[in-house]
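> Fold the stuff below for me.
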Amino acid sequence: SSGINAEWSLRPGESLFSLFVLLGLIIREADSQWYFVFFCLATGVRSNGLSLLLFILYDHITSMVKAKQFLVVNCIVMVVQVCACIAPFAMFQNHMFAVYCADQENVSEWCDVGISYSYIQTHYWGVGLFKYWELKQLPNFLLASPMFALVGVIVLSWAYEQYLNLTDLHTNY
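I've put the predicted structure just below:
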């Protein structure tokens, strides 16, 4: 099979991942605790769904801070939700280990680590931290510079607004 066929066969995963993330975010905005189910499904489709764990951690930690008390039940629910979302990634890594590391004759290099993801990205795809930052990519960065500037202005505006709200809060008390 050619590379283009492999590339196009991966596309449904992107759409399905986006669907699960968006459904999870919509349900989260409706103040339902069941949004984590869609985040777990998203993690089952793509491993970068693990970043969605930050929503779960944020929601549980802020609810404890707002209540000004540490709730054991809240911590148990948080741990169960986090473990449920990590489970698809862990099961896939376990499957990869069983398939590629069980045979002692043809053991892959990543078998010592136990996680294939970073090895495959580095070894086969050439992906890594700052590997995209090359001189030949300068035109792409120039094309993206208006968006970088816009995001920078928005972040600074938001930070200034938060600072003003914080100072108003302290002056009113």
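> can you give me the helices for this protein?
Assignment of helices within the chain using DSSP state H yields the ranges 3-9, 11-29, 35-45, 53-67, 72-100, 116-120, 138-171.
> I'd like those laid out as CSV, including distance to G128, mean pLDDT and mean neighbour count.
Glycine gets a C-beta too; all of them are placed from N, C-alpha and C. Shown next, in CSV, are the helices of the chain (distance: least, C-beta to C-beta, whole Å; pLDDT from 0 to 100; neighbours: other C-beta atoms under 10 Å):
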stretch, distance to G128, mean pLDDT, mean neighbour count
helix 3-9, 20, 53, 9
helix 11-29, 21, 90, 15
helix 35-45, 22, 95, 22
helix 53-67, 22, 88, 14
helix 72-100, 19, 91, 14
helix 116-120, 9, 81, 15
helix 138-171, 17, 88, 10
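> Can you tell me which of those helices is nearest to G126?
G126 lies closest, by C-beta to C-beta, to one member of the helices of the chain: helix 116-120, at 10.9 Å.
> Check which helices and strands that closest one sits against.
Applying 3 or more C-beta pairs under 8 Å, 6 or more residues apart in numbering; DSSP states H and E, we find helix 116-120 packed against helix 72-100.
> Report the inter-axis angle for the helix it packs on versus helix 35-45.
When axes from the mean of the first three to the mean of the last three C-alpha atoms, to 10 degrees is applied, the directions of helix 72-100 and helix 35-45 differ by 10 degrees.
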